[in-house]
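**Student:** pasting a predicted model and its sequence here:
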Amino acid sequence: MADAIKKQALVPYLYYPIFVKLTESEAFNYAKLTQRIG
């Protein structure tokens, strides 16, 4: 995140990422959507 803030992709802020587990189908859909948006 420090790198993203340095590159001004994120603003200095308190970020609290929450990691979640995806089901197999959710992971598949996530991968497809990620490819579509680049």
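**Tutor:** Noted; the coordinates are in hand. Residues are numbered from 1 along each chain as shown.

**Student:** surely residue 12 meets residue 5?
**Tutor:** Yes. Assessed by CB atoms under 8 Å, residue 12 is found in contact with residue 5 at 5.7 Å. Placement of C-beta: from N, CA and C, glycine included.

**Student:** longest helix of the protein, counting residues only.
**Tutor:** helix 24-37 (DSSP state H).

**Student:** neighbouring contacts of that helix?
**Tutor:** residue 22 (CB atoms under 8 Å, 6 or more residues apart in numbering).

**Student:** any idea how far that helix is from the middle of the chain?
**Tutor:** 12 Å (CA atoms, centre = their mean, to the nearest Å).

**Student:** buried set for that helix?
**Tutor:** Buried positions in helix 24-37, judged by neighbour count with 16 or more other CB atoms under 10 Å: none.

**Student:** can you check stretch 4-17 too?
**Tutor:** Of all the residues in stretch 4-17, not one is buried under the rule 16+ other CB under 10 Å.

**Student:** avg pLDDT for it?
**Tutor:** Averaging pLDDT along stretch 4-17 gives 85.

**Student:** how about the CA coordinates for it, as CSV?
**Tutor:** The C-alpha trace of stretch 4-17 is given here as CSV (Å, rounded to 0.1, in the frame of the first residue of the first chain):
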residue,chain,number,x,y,z
ALA,A,4,0.4,2.8,-4.2
ILE,A,5,0.2,5.9,-1.9
LYS,A,6,3.6,7.0,-3.2
LYS,A,7,2.4,6.6,-6.8
GLN,A,8,-0.8,8.5,-5.9
ALA,A,9,-3.0,5.5,-6.7
LEU,A,10,-4.3,5.7,-3.1
VAL,A,11,-4.5,8.7,-0.8
PRO,A,12,-2.9,8.6,2.7
TYR,A,13,-5.7,7.2,4.8
LEU,A,14,-6.1,4.4,7.4
TYR,A,15,-6.9,1.3,5.3
TYR,A,16,-8.1,-1.8,7.1
PRO,A,17,-8.2,-4.6,4.5
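
**Student:** any residues touching it, and which ones?
**Tutor:** For stretch 4-17, using CB under 8 Å, 6+ apart, the contacting residues are residue 1.

**Student:** how much space separates residue 33 from residue 26?
**Tutor:** Distance from residue 33 to residue 26, counting by CB to CB, to the nearest Å: 10 Å.
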